Structure formats: C-alpha cells, structure tokens
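Colleague: let's see this in three dimensions:
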Amino acid sequence: MLDNGGMNPEEFRAAGHELIDWIADYRLRVGSLPVRSSVQPSDVRSALPELPPEASEPVRALLDDLDSIVVPGLTHAQHPRNFAWFPSNASLSSVLGDIAASGIGALGITWQSAPALTEVEQVVCDWLRRLTGLSEAWHGTITDGASTACLVALLVARERASDGSQRRGGLQAERAPLVAYCSEQAHSSVTKAALLAGYGADNLRYVPAPAPDRAMEPHELDSLMSADERSGRRPAVVVATAGTTGTAGFDPLRAVNEVARAHGAFVHVDAAMAGSAMLLAEHRHLFDGIEEADSLCWNPHKWMGSVLETSLFYVKDPPELVRVLATDPSYLRSSVDGSVVQFRDWGLPLGRRFRALKLWFQLRLDGPEAIRARLRRDLENAARLAALVKAEADWQVLAPVQLQTVCTRHVPLGLAGDDLDAHTLSWCEAINRSGLAHLTPAILDGHWMVRVSIGAEATEWADVEALWELMKTTAGETATGSTS
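Modeller: I've put the predicted structure just below:
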C-alpha cells in the first residue's frame, strides 16, 4: 500500500483484472437475469452497513456484494429483452474508454490544464459531425445529457432575444415577456429547461401535434407566435423534436425553422435518442431542415451505444455561446487564451471529465460500420414486429414506425375507455413483474399504450419474437381475467 493507505498501481492492476473479469462475466450472464429489479424500497440500503469499514477490504468482498446486493437491485439496461424507455447501451469498447478517462484522471477546467482532453473532444465531435452528414457550420462539445444541452440552448436564446439582459437587469428588467415553444409531444426536459431559464410556465407554449404522425403543426406554431406578438410578448425560442419520446415522431424541421425565422426566434433541435439514425444515410431525410437550426443535441449514450453522460451539443455560433456562459477568473488565465477553445465557456460546469475517450475508444475499436449494422438490425426488427402486431385483429400499432419504437395496444372485444386503460396497464405490469421482459407504458391521445423500444446491444430477432409471444399470452390471460 502507499504511505497514505491508498491503493498502489500494482494493487490496482490485480484488482482491475478481477473487476474486468467480473464485468465480462456479468455481460455474459445478464440475459439469464430478471430484466426488472424486484427489490422493495430500502432493501438495498438496509443490506449495507451504516458506516464503511475502518480497515481495507479485499476486492473479492466488494465483488461478492455486487453480486448479492447491487445486481439484484438493478433493472438491467444491457439485457437483450429490455425494451423500456430507450436503448441505453454501454458498449464494452466505450466502457474501456470510460475506464481510461477515470484512470488518467485529467482535470478538464481549461485547455492548459489538459490540452489533449480539449482537442480529442474537438476531434471526436467533428468525426461524428462528418459521420452524420452535418455541415462544417456546426461546432460540437460533449455534455452530460440532452436536458443540459436544452437548458444551455434556452439560456443562449434568452440572451439573444433580450440583447444580453443578463449583463443588465436580467429578465426582471425586461418589458416584454419572452416565450418558448415546443411540441405537445416534446420531452419533459424542455419544460424543465424553460422554467430553469426563467421563461416561466405562463410563457411556454405547447404546439399541437396531431395523429397520425404527432408532429408539430407549423401553421399552429405560426398562429401562437403571432398571437404572442400581438399581446406584447416576444417569441424567443422553438425546441423542435427529432424523435419524440412517446412515438419516435419527427417535427417537420424545415417548416418549423421557416416559421421561427419569420418571428426572429432561436431554434434548438432535440434529437436525443433518434440522432443516431443520422449515421444511416438512408434515414437522414427524417432530419430534413436540421441545417437551418441554431443548435442541436443527440445522445451517443443511447442507441449508438456509448456509456452514459456522452451527449453531443452542436452550435453554429460558438462566440454567442461564450458570451452567455463565459467566466474569466484570474486563476484560470493563461498565455493561450483567445487562441484555443475553452470548453468551460461552452456549458454549465467548470470542470469536466475526459468524456471524449468513451467515443474515441468506441469509434476506433468497434468502427462506424459495425455501429451502422446494429442500428439497421434494430430497424428491421421493429418493422418485423410491427407487421406481426398489425396482422392480429385485436392488436393495434398506434403510430408510424419510423425508427425502432413500436407503439401498441391490445383491444379485446368489448373493452374501451377506462376499462381498456386498466387492461393495458395490467398486462404490461404483468410482463414487467415476471422479469422475462421490460416494457414502458405511456399515455398517447389520452389513453394508455405500450411502447416497445428495440435497440439494446444484445437484442436479436429471437428476443423480439419471444417478447411478442409473451405479449399475446399475457394480454390474452389478463383480458380473460377481467371479463370473467
């Protein structure tokens, strides 16, 4: 051990081998585990001691607790039959990059504190710009998630619309309230960002997004913005969604940008999950008009497969970003200021991890073509599942299947309204409780449905096919029970 009692490099080497073996074994067996955790509140906490041990413990003791306490307390995102929420993959190549970042322990507060951290981030952001077909107008950084990116975008939009009000009296000194707009299908993080950025709930407009596509209606957006202008408000920002959480629907980006531009509003595109589809040339038509936006975000830590907290945020005007977010404390100044990118001025935190290594490792060890092949596999499996659902008289596909999300509902004869909602929730929960698969119920058009989000790295057609059989059996048994 080191003089201070910490682990020395040789002890780390031995412990690291044991941990890597444990992770590899976990990935090999994850498909045999119940997908959703069955622990009750406080089960995990009560299994742990109130205080840490005074003396060091062997690594084996920690790994045993991972097996006996932690793993049972997890819903396994890497399970091949996890179809809930969105794909939250953590490809092992990206895991290696995360380990490297932690092991290096770089201090990312300025370019000078870790030049490679900044410049590798610039490189991988540009790699993914090129791989997704985006133009050279975009400049990227890596943030923790789309929620943070949306907040930053709304802060920049606020300052553009108020001509830099933060340097004066802030929004409290503005005569005209600023208004933000998004689809009624937009992610909840948009609402949170608008509130945190000071727009206020009374100045957030939800634009209708009717069936079947559930895409923002440009003429409704125009009407809302015009009405706000007539009432003395100032349209400031539109958040367009490319791949909604509920149905993976797409707002018409080109038309939305045209309306926003006519009213002088900033446009941010939230493509958190669906942005990975831009890696496929044949799906870029879904993002038509994205080049007209002011900022955009998508998350490689979802469908693409990078470890969490790897979210790409692109802007066209970095100086505008810096004007809003920059600080200049004396202890961070250096001789290279003005000639290098300082990512501390592109986002909220001062310090940052070497996040880019997760992407750098994944892109180099897996390669873009293997990633594309996996995305195409998921798209094909979603289309095959949708065809099976449509072939059954008492099942419905409720939204166009444009990507890897299939929205379904089982509709037994004679069930409707609240009774049908209760049936939907009942069979979905029965599947989740079984541990054989994991699904997400959600409200669509005022009633419950079930989302099947296909895209876990290990998911093959056999897993999707097994899910479909489980859905039919469980829904049928639930319907029989509710009518008997």
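
Colleague: distance of Glu309 from Ala90?
Modeller: 11 Å (C-beta to C-beta, to the nearest Å). C-beta here means a position set from N, CA and C on the backbone, and glycine is covered the same way.

Colleague: isn't Trp360 right up against Asp126?
Modeller: No: with contact defined as C-beta atoms under 8 Å, Trp360 and Asp126 do not form a contacting pair (12.0 Å).

Colleague: related to what we said a few turns ago, list residues touching both of Glu309 and Ala90?
Modeller: Residues within reach of Glu309 and of Ala90 at once, by C-beta atoms under 8 Å, 6 or more residues apart in numbering, are His301.

Colleague: of Trp360 and Asp126, give the one with the bigger neighbour count.
Modeller: Per other C-beta atoms under 10 Å, whichever of Trp360 and Asp126 has more neighbours is Trp360, with 21 against 15.

Colleague: count the residues that sit near the residue lying closest to Leu413 once chain neighbours are set aside.
Modeller: Closest residue to Leu413 apart from its sequence neighbours, by C-beta to C-beta, 6 or more residues apart in numbering: Asp394 at 7.1 Å. With neighbours defined by other C-beta under 10 Å, the count for Asp394 comes to 14.

Colleague: can you give me the pLDDT of Asp394?
Modeller: Note for Asp394: predicted pLDDT of 96.

Colleague: also Phe86?
Modeller: At Phe86, pLDDT is 93.

Colleague: ok, for it, nearest residue in space, not its chain neighbours?
Modeller: Using C-beta to C-beta, 6+ apart, the nearest residue to Phe86 is Met273, at 4.6 Å.

Colleague: thought that neighbour was touching Thr247?
Modeller: No: between Met273 and Thr247 there is no contact under C-beta under 8 Å: 11.7 Å.

Colleague: now for the helix or strand hosting Gly97, which elements pack on it?
Modeller: Here Gly97 sits within helix 92-104, counting by DSSP states H and E. Counting contacts by 3 or more C-beta pairs under 8 Å, 6 or more residues apart in numbering; DSSP states H and E, helix 92-104 packs against helix 9-29, helix 356-365.

Colleague: other SSEs contacting the first one?
Modeller: Helices and strands touching helix 9-29, as assessed by 3+ C-beta pairs under 8 Å, 6+ apart, comprise helix 59-65, helix 92-104.

Colleague: if we go to 6 Å?
Modeller: helix 59-65 (3 or more C-beta pairs under 6 Å, 6 or more residues apart in numbering; DSSP states H and E).

Colleague: run the chain-centre distance for the helix it packs on.
Modeller: Mean C-alpha position of helix 59-65 versus that of the full chain (C-alpha atoms, centre = their mean, to the nearest Å) differs by 32 Å.

Colleague: which residue ranges of the stretch 101-250 of the chain form strands?
Modeller: 139-143, 178-183, 204-207, 234-241 (DSSP state E, counting those that start in this stretch).

Colleague: reformat those as CSV; add mean pLDDT, mean neighbour count and distance to Ala47.
Modeller: CSV is the format used below for these (pLDDT from 0 to 100; neighbours: other C-beta atoms under 10 Å; distance: least, C-beta to C-beta, whole Å):
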stretch, mean pLDDT, mean neighbour count, distance to Ala47
strand 139-143, 98, 23, 34
strand 178-183, 98, 27, 42
strand 204-207, 98, 20, 43
strand 234-241, 98, 28, 41
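
Colleague: the residue nearest to Ala248 when sequence neighbours are not counted - how many residues pack around it?
Modeller: Nearest non-adjacent residue to Ala248, counting by C-beta to C-beta, 6+ apart: Thr405, 4.0 Å away. Neighbourhood size, Thr405 [other C-beta under 10 Å]: 28.

Colleague: also Arg27?
Modeller: 15.

Colleague: now it: how far from Ile454?
Modeller: 19 Å.

Colleague: next, count neighbours for Phe12.
Modeller: Counted with other C-beta under 10 Å, the neighbours of Phe12 add up to 13.

Colleague: one more: Gln40?
Modeller: 8.

Colleague: quick check: phi and psi on it?
Modeller: Main-chain torsions, Gln40, degrees, to the nearest 10: phi -100, psi 160.

Colleague: list the contacts of it.
Modeller: Not one residue lies near Gln40 by C-beta atoms under 6 Å, 6 or more residues apart in numbering.

Colleague: number the residues from 52 up from this point.
Modeller: Right, with 52 as the first residue, what we last looked at is Gln91.

Colleague: return the distance of it relative to Trp349.
Modeller: For Gln91, the distance to Trp349 - C-beta to C-beta - is 36 Å.

Colleague: what does Ile155 give?
Modeller: Distance, Ile155 to Trp349, using C-beta to C-beta: 26 Å.

Colleague: between those two, tell me which one has more neighbours.
Modeller: Using other C-beta under 10 Å, the more surrounded residue of Ile155 and Trp349 is Trp349, with 30 against 13.

Colleague: quick check: Leu206 touching Ala248?
Modeller: Yes: using C-beta atoms under 6 Å, Leu206 makes contact with Ala248 at a distance of 5.3 Å.

Colleague: looking at those two, which one has more neighbours?
Modeller: Ala248 (23 against 20).

Colleague: in contact with that one, which residues?
Modeller: Leu205, Leu206, Arg209 are the contacts of Ala248 under C-beta under 6 Å, 6+ apart.

Colleague: just give the number of residues close to the last one.
Modeller: A count of neighbours around Arg209, defined by other C-beta under 10 Å, yields 25.

Colleague: quick check: phi and psi on the closest residue to it other than its chain neighbours?
Modeller: Spatial nearest neighbour of Arg209, excluding adjacent residues (C-beta to C-beta, 6+ apart): Ala248 at 5.6 Å. Main-chain dihedrals, Ala248, degrees, to the nearest 10: phi -80, psi 0.

Colleague: now Val448
Modeller: Torsion angles, degrees, to the nearest 10, at Val448: phi -100, psi 120.

Colleague: and it, how close does it get to Ala98?
Modeller: Val448 is 43 Å from Ala98, by C-beta to C-beta.

Colleague: quick check: which element contains the residue nearest to the spatial centre of the chain?
Modeller: Nearest residue to the geometric centre of the chain (C-alpha atoms, centre = their mean): Ala323, 4.6 Å. Assessed by DSSP H and E, Ala323 sits outside every helix and strand.

Colleague: burial check on the spatially closest residue to it that is not a sequence neighbour, number of neighbours?
Modeller: Once flanking residues are discounted, Ala323 sits nearest to Ala197: 3.8 Å by C-beta to C-beta, 6+ apart. Residues lying near Ala197 (other C-beta under 10 Å) number 27.

Colleague: list the residues that contact Ala197.
Modeller: With C-beta under 6 Å, 6+ apart, Ala197 has these contacts: Asp321, Ala323, Cys348, Asn350, Ser362.

Colleague: which of those sit farthest apart?
Modeller: Asp321 and Ser362 (10.7 Å; C-beta to C-beta).

Colleague: thanks again, I'm all set now.
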